[in-house]
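> Sequence below, structure please.
(2 chains)
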Number of protein chains: 2
Amino acid sequence: MTSFPFYLDCDTGIDDALALAYLLASPQADVRGIGAVSGNVSAAVGARNSLDLLELAGHAHIPVALGAHDPLAGSFGGGAPWVHGANGIGEVSLAASSVSLAPETAAEMLVRLAHEHPGTLRVLAIGPLTNIAEALGLEPSLPELVAEITIMGGAALAPGNLTPVAEANIANDPEAAAVVLSAGWNVTLVPLDVTMTNVLEENHRQELLASSGAVPRALGEMLGYYFRFYEGIFGRACSAMHDPLAAALAVGAVTAAVAPVVHVDVDTTSGPGRGQTVCDLRGLYMDYPEQPGARCRVVLSLEDDFAPHLVERLLNYFEIPVVGPVETALVGG
Amino acid sequence: MTSFPFYLDCDTGIDDALALAYLLASPQADVRGIGAVSGNVSAAVGARNSLDLLELAGHAHIPVALGAHDPLAGSFGGGAPWVHGANGIGEVSLAASSVSLAPETAAEMLVRLAHEHPGTLRVLAIGPLTNIAEALGLEPSLPELVAEITIMGGAALAPGNLTPVAEANIANDPEAAAVVLSAGWNVTLVPLDVTMTNVLEENHRQELLASSGAVPRALGEMLGYYFRFYEGIFGRACSAMHDPLAAALAVGAVTAAVAPVVHVDVDTTSGPGRGQTVCDLRGLYMDYPEQPGARCRVVLSLEDDFAPHLVERLLNYFEIPVVGPVETALVGG
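The predicted model follows:
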């Protein structure tokens, strides 16, 4: 299976942790670097979570770079501890990695990787888009260097989550989102329309908790916290699958059913629409006729149920192989 | 059947013509006055169309008042002749009524009727909300005097029609819509979510054309023009039923299936969301829990198919009674 170099930009975050683990478990992805941005937690806390997760997953060699603490305009608002816990990973304690942060910013890392892998680098952005906007400032030809960019963010026809019409990743830095979505590259946008309708249930969480692997077990524990927040949204213990679904679409492991390529504006006003991804879906009634010049593929639905695939991939990859007595003897011998 | 006094505010318009005819045909409605506002056509052309339709329908006694030519901010943009025809009623020629416009503005008429029918007047607004906003300026206690206001306008989870997120009635005067939706009365909003999913088909139009009544035949002819516009939206000859559906909800002849009472803001910025009705539908995943202080009922779906009811009511009311030979002889005698 062809494996592509990936740069992951995240604000780790419970569902970011799932996305990171999913990417590591995906044969289609070769994660070459991870940037941290403030969102669910501060960039510094998110970077720490990414380092610790990489250590737990046996991938401590993947560099983690600190990115922007504040959005392009204004300042970091403190994250969403009621969703992700004060430490960002549902109050689960991970052993602290001894690996240091990379000696470059997240934006610099992205630009470096784009130059090292011209035309093949995949970017997966699952936090506010501050680092990506900064990278475009550092290297205006980034859209030509990067093969694909997939963004978890926005709400098209679905309600928002931070405001009635705005999703948190975009709303936490609308100015950056406006830069990134108008940068002249092909974007796959994974909005709430599809992430709120592909839900992880308690039975899935129990499967993770029952794993012999430390990573699935830790993710299952984090999801306990996440589920409690989403109980107020869905009325039962379960959760949306924002970031891992974006990861699965980025690696091509799941297929979009409805995903029109349309014009998308980001609302950067101070009005009630601030942070909204204004997607031109007026073609809805005719199966979305082509829009000349449009470059944003907005994923509205999937072909298949996502949660079973997610759980299976995590369990298969992170399961500790059972070592039988003969093999033990051989090793011992 | 209880009949309520109605004030109709409209920009007549093909679907306004249908709504007006539907109201006249409805035993629940006693139309006491009609105000004209610029929207589909100029207020003056819309008032003329209303007068001529009333004449054709045998209701020339209902007064028509001229309302605002320009929205609260800016100026009238020329209407939508590509949707409704240059004359607003699909290039159908109606005999000119000899009745003059009422000696009051539309806003003054609404205020007068509210005082004449305190606590019982129903308002149905199916154009931009300029006249209603002006009436609120003339009489701040209008919300206490009016029993109910039903507005065709906005887009909640459906795409807009004038912009990706804004519907024409609201987008043609967002400042007025913001005034009306925050005026402290209970509003029923009938947005594109429900009007674009309740469609009149060619067979319905043929039923109108085959009527013995002049009004259904004229409406059927107008709909030929409207259908040609909507062929570009739906891919077949048919049309949305914006205004008559709002009329049917206002008279209580059709029942909403999903219609949460939620907070609604109108975007009055100059950004990409200008004219959007920002409806807080984040409760979608839990059957819309109650929102304290919310007063806008947003109709998202209907219990039953609307078009057959509309056609039946128009045909029944406007059919010319067949006069048999015996009766003729009696009349003649």
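
> from here on, contacts and neighbour counts on C-alpha atoms
Will do.

> Can you report how many residues lie near the residue of the stretch 51-200 of chain A found nearest chain B?
Nearest to chain B in the stretch 51-200 of chain A, going by CA to the nearest CA, is residue A:164, at a distance of 4.6 Å. Close neighbours of residue A:164, defined as other CA atoms under 10 Å in any protein chain shown, add up to 22.

> Surely it touches residue B:282?
Yes - at 6.1 Å, residue A:164 counts as touching residue B:282 under the criterion of CA atoms under 8 Å.

> ok so the residue of the stretch 51-200 of chain A closest to chain B is a helix residue?
No - assigned with DSSP: H, G, I helix; E, B strand; the rest coil, residue A:164 falls outside any helix and is coil.

> That one: what's it in contact with?
B:278-282 (CA atoms under 8 Å, 6 or more residues apart in numbering or on different chains).

> Just the buried ones out of these, please.
Buried by 16 or more other CA atoms under 10 Å in any protein chain shown: B:278-282, out of those.

> Could you check how far stretch A:44-61 is from the centre of its chain?
The chain centroid and the centroid of stretch A:44-61 are separated by 15 Å under CA atoms, centre = their mean, to the nearest Å.

> now do stretch A:204-211
Distance, centroid of stretch A:204-211 to centroid of chain: 21 Å (CA atoms, centre = their mean).

> before we move on, what about stretch A:130-150?
17 Å.

> Can you narrow the contacts of residue A:164 down to the ones near chain A?
B:278-282 (CA under 8 Å from any CA of the partner chain).

> Now flag whichever of those residues is closest to chain A.
After measuring these against chain A - CA to the nearest CA - the closest member comes out as residue B:280, at 4.6 Å.

> Please name the nearest non-neighbouring residue to the closest one.
With sequence-adjacent residues excluded and distances taken as CA to CA, 6 or more residues apart in numbering or on different chains, residue B:280 is closest to residue A:164, at 4.6 Å.

> what do you get for residue A:195?
Residue nearest to residue A:195 in three dimensions, not counting chain neighbours: residue A:242, with 4.8 Å by CA to CA, 6+ apart.

> likewise residue A:245?
Using CA to CA, 6+ apart, the closest residue to residue A:245 is residue A:195 (6.8 Å).

> ditto for residue A:310
Among residues not flanking residue A:310 along the chain, residue A:22 sits closest, at 7.2 Å (CA to CA, 6+ apart).

> quick one, phi/psi of the one you found?
phi -60, psi -40 (degrees, to the nearest 10).

> Give me the local confidence score for it.
pLDDT for residue A:22: 98.

> That one and residue A:314 touch, don't they?
Yes - using CA under 8 Å, residue A:22 is in contact with residue A:314, at 6.2 Å.

> mean confidence for the longest helix along chain A?
Identified as the longest helix of chain A according to DSSP state H is helix A:214-234. Here helix A:214-234 scores 98 as its mean pLDDT.

> which parts of the stretch 151-300 of chain A sit against chain B?
Within the stretch 151-300 of chain A, the residues that sit near chain B (CA under 8 Å from any CA) are A:157-161, A:163-165, A:233-235, A:265-273, A:278-286.

> residues contacting residue A:22?
Residue A:22 neighbours (CA under 8 Å, 6+ apart): A:244, A:247-248, A:310, A:313-314.

> Ok, residue A:318 next?
By CA under 8 Å, 6+ apart, residue A:318 lies in contact with A:25, A:57, A:213-216.

> if we go to 10 Å?
A:21-22, A:24-25, A:57-58, A:211-217 (CA atoms under 10 Å, 6 or more residues apart in numbering or on different chains).

> which of those has the most neighbours?
residue A:216 (27 neighbours).

> That one is in contact with residue A:210, isn't it?
Yes - in terms of CA atoms under 10 Å, residue A:216 counts as a neighbour of residue A:210; the distance is 8.4 Å.

> which residues do these two both contact?
residue A:315.

> Give me the pLDDT for residue A:328.
Predicted confidence (pLDDT) at residue A:328: the value is 44.

> now swap in residue A:321 and tell me
Confidence score, pLDDT, at residue A:321: 72.

> Could you report the neighbour count for residue A:309?
14.

> For it, give its distance to residue A:201.
13 Å (CA to CA, to the nearest Å).

> ok, which stretches of chain A are strands?
Here chain A has its strands, by DSSP state E, at A:4-10, A:29-36, A:64-66, A:121-125, A:146-152, A:187-190, A:199-201, A:238-240, A:256-258, A:261-262, A:264-266, A:277-279, A:296-298, A:301-302.

> Of all the ones you listed, which one comes closest to residue B:117?
strand A:277-279 (42.8 Å; CA to CA).

> Show the contacting residues for the residue nearest to residue A:195.
A:15-16, A:18-19, A:126, A:152-153, A:190-199.

> cool, residue A:123 as well?
Residue A:123 makes contact with A:5-9, A:31, A:110, A:113-114, A:132, A:146-151, A:187, A:247, A:250, according to CA under 10 Å, 6+ apart.

> What of residue A:99?
By CA under 10 Å, 6+ apart, the neighbours of residue A:99 are A:48, A:51-52, A:54-55, A:60-64.

> Neighbour-wise, which one of the contacts of residue A:22 leads?
Compared across the contacts of residue A:22, residue A:247 has the highest neighbour count, 30 neighbours, by other CA under 10 Å.
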